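# Need coordinates for the following:
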Amino acid sequence: MFVNRENEIERLQQALASEKPQLIVVYGRRRCGKSTLLRKVLQQNSIYFSADMRETPLQIAALANQVEKMIPGFKSPVYPDWESLLNNLNRSLRQRITLCLDEFPYLVKNSPELPSVIQRIIDEKGHQNYNLVICGSSQQMMYGLALDSSSPLYGRSDEIIRIKPMNIRHLQEYLQISSTDAITEYAIWGGVPRYWEIRKLNTHFEEAVKKHLLDQNGLLYEEPERLFSDEMRTSVQAFSVLSLIGAGCHRMSEIAGRLGKPATQLSRLLGFLTNLGYIRREIPYGESIRSTKKSLYKIDDPFLNFYFTFLLPNKSRLEFGLIDLVWSDIRRQYDGYLSGLWEDLCRRSIPFIKIDGKQFNPAARWWGNGLEGKPMELDLISESTDHTVMLIGEVKWSNKISTEEINATLSQKSQNLPFKKPPRIIKAVFSKSGFTAPYPELRCFTPDDIISVMP
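Predicted coordinates:
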């Protein structure tokens, strides 16, 4: 079942239909469906080649064998390098085709000159008879090839498409489940399509988690190691940082202290993990990201968050096969764990919800001292795009809540906020279910409301 990716499909189809030969760069985290997407878009008059770790002469010969299926006799010459193969391909074609080089970083690892070869071919208009699509899972390398000003290919791409994990609405569509169940599932599988396919191998949620994540022979048991092998020579430091964040260390100073390193040594790694989409930096609403000293680091990817929160600390027990015992412990903590994801989903949904005819900017959390000088927190706060209304909200992952209590709490907090506020404040509660004694001035949102608006 293929869901979403409408925008990516449209961009690729438009580019490949262009009269001008195209250089298209497609990159993103492994298992997000890049290859599946390309195979869906590529026409029959296309050559799709997936690279591997073999030496360059073997890769060249393998690609020549692929081309042979379209151009008889193409594999007969012995091609000494990539340039001779690509130039001969252009000369041998009578109509425009598309050449797709998947897992491109493998080719560059063994042939560092390849980006310069492609640059020369493009600059000399040596690919008039084929579009070239290069694709890879090493986000750092692929980004550098296309967007680093020192790269030979910089400024030469006609399309640069980053394939990101999908959102919860598409998981719900794929699994055909309720909004509440979608949140329960998304907190483990996240937005990675391949993980959804693995989940669907089993009828029941618990069975799937035990078999594919908690079992040491499971398909996803060592997935983080494979993820980081795409991006760095060693994953030790990244693993250490993510394990500390998963254990509750969210400030850079805490993380640095536990690692015995100066905080300045972590800035580059934290920025790298943020760019990959694995962690995010949270700052209180209204603070400047450049000057604030209140930054918190959270794991932004649901799958990795689950792994480093629950699996890594229990690796020893799982290696002894104590799957049921570990799962029992996880279940006892799981609602508390879901509350964090639910908060994040609610904040992310705000720009897509109209409230009283108003559109709102991205929401954030706020924490600090109120006007009374005492510590205070707000789960959600956002200002309307016309700056006339402020939305403040409480987020609860529970079946029964007291709207009377929440209404009173939000009213008190709205009076105690220590910064300038728009003339009007809207109060909201976001809950799993079970509203009681609703107040007209209190807007109420459920998982159905939140997931339905996600893009």
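# show me where this structure has strands.
Per DSSP state E, the chain carries strands over the ranges 23-27, 46-50, 97-102, 130-136, 159-162, 279-282, 296-299, 364-369, 375-383, 389-396, 424-431, 442-445.
# State the number of residues packed around the closest residue in space to N314 that isn't next to it in sequence.
Distance criterion C-beta to C-beta, 6 or more residues apart in numbering; nearest residue to N314, sequence neighbours excluded, is V326 at 4.7 Å. C-beta here means a position set from N, CA and C on the backbone, and glycine is covered the same way. For V326, the number of neighbouring residues by other C-beta atoms under 10 Å comes to 20.
# S414 now?
Neighbours around S414, by other C-beta under 10 Å: 16.
# Contacts only, for it.
If you count contacts by C-beta atoms under 8 Å, 6 or more residues apart in numbering, S414 has them with I392, K421, I425, K427.
# try 6 Å
I392, I425 (C-beta atoms under 6 Å, 6 or more residues apart in numbering).
# So what's the residue count around the residue nearest to V453 when sequence neighbours are not counted?
Spatial nearest neighbour of V453, excluding adjacent residues (C-beta to C-beta, 6+ apart): F352 at 4.1 Å. Applying other C-beta under 10 Å, we find 13 residues neighbouring F352.
# Ok, R365 next?
So R365, with other C-beta under 10 Å, has 18 neighbours.
# quick one: least confident helix or strand in the chain?
Least confident helix or strand, the chain: helix 139-147 with a mean of 79, by mean pLDDT, DSSP states H and E.
# Give me the neighbour count for the residue nearest to T385 when sequence neighbours are not counted.
Nearest non-adjacent residue to T385, counting by C-beta to C-beta, 6+ apart: Q359, 4.9 Å away. The number of residues packed near Q359 is 14, by other C-beta under 10 Å.
# One more: I9?
Neighbourhood size, I9 [other C-beta under 10 Å]: 14.
# show me the contacts for it.
Going by C-beta under 6 Å, 6+ apart, the list of residues near I9 reads V41.
# how much space is there between it and L312?
37 Å (C-beta to C-beta, to the nearest Å).
# go on, P80?
P80 sits 48 Å away from L312, going by C-beta to C-beta.
# Between these two, which has more neighbouring residues?
The residue with more neighbours, out of P80 and L312, is L312; 15 against 10, by other C-beta under 10 Å.
# Next, the angle strand 364-369 makes with the longest helix belonging to the chain.
Criterion DSSP state H: the longest helix present in the chain is helix 323-349. Helix 323-349 runs at 90 degrees relative to strand 364-369, counting by axes from the mean of the first three to the mean of the last three C-alpha atoms, to 10 degrees.
# Below-threshold pLDDT in the stretch 351-455 of the chain: ranges please.
The stretch 351-455 of the chain contains residues with pLDDT under 70 at 434, 436-438.
# try the stretch 201-350 of the chain
For the stretch 201-350 of the chain, the stretches flagged by pLDDT under 70 are 230-234.
# Now do the helices in it.
Here the stretch 201-350 of the chain has its helices, by DSSP state H, counting those that start in this stretch, at 205-209, 223-229, 236-246, 252-259, 267-275, 302-306, 315-319, 323-349.
# Between the ones you listed, which one is closest to L145.
Closest approach to L145 among the helices of the stretch 201-350 of the chain is made by helix 267-275 (15.1 Å; C-beta to C-beta).
# what angle separates the closest one from helix 139-147?
Here the directions of helix 267-275 and helix 139-147 differ by 80 degrees (the same axes, to 10 degrees).
# before we move on, the earlier item: including distance to E173, could the strands of the chain go into a markdown table?
Listed next are these as a markdown table, based on distance: least, C-beta to C-beta, whole Å:
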| stretch | distance to E173 |
| --- | --- |
| strand 23-27 | 23 |
| strand 46-50 | 27 |
| strand 97-102 | 27 |
| strand 130-136 | 25 |
| strand 159-162 | 22 |
| strand 279-282 | 25 |
| strand 296-299 | 25 |
| strand 364-369 | 28 |
| strand 375-383 | 26 |
| strand 389-396 | 24 |
| strand 424-431 | 22 |
| strand 442-445 | 20 |
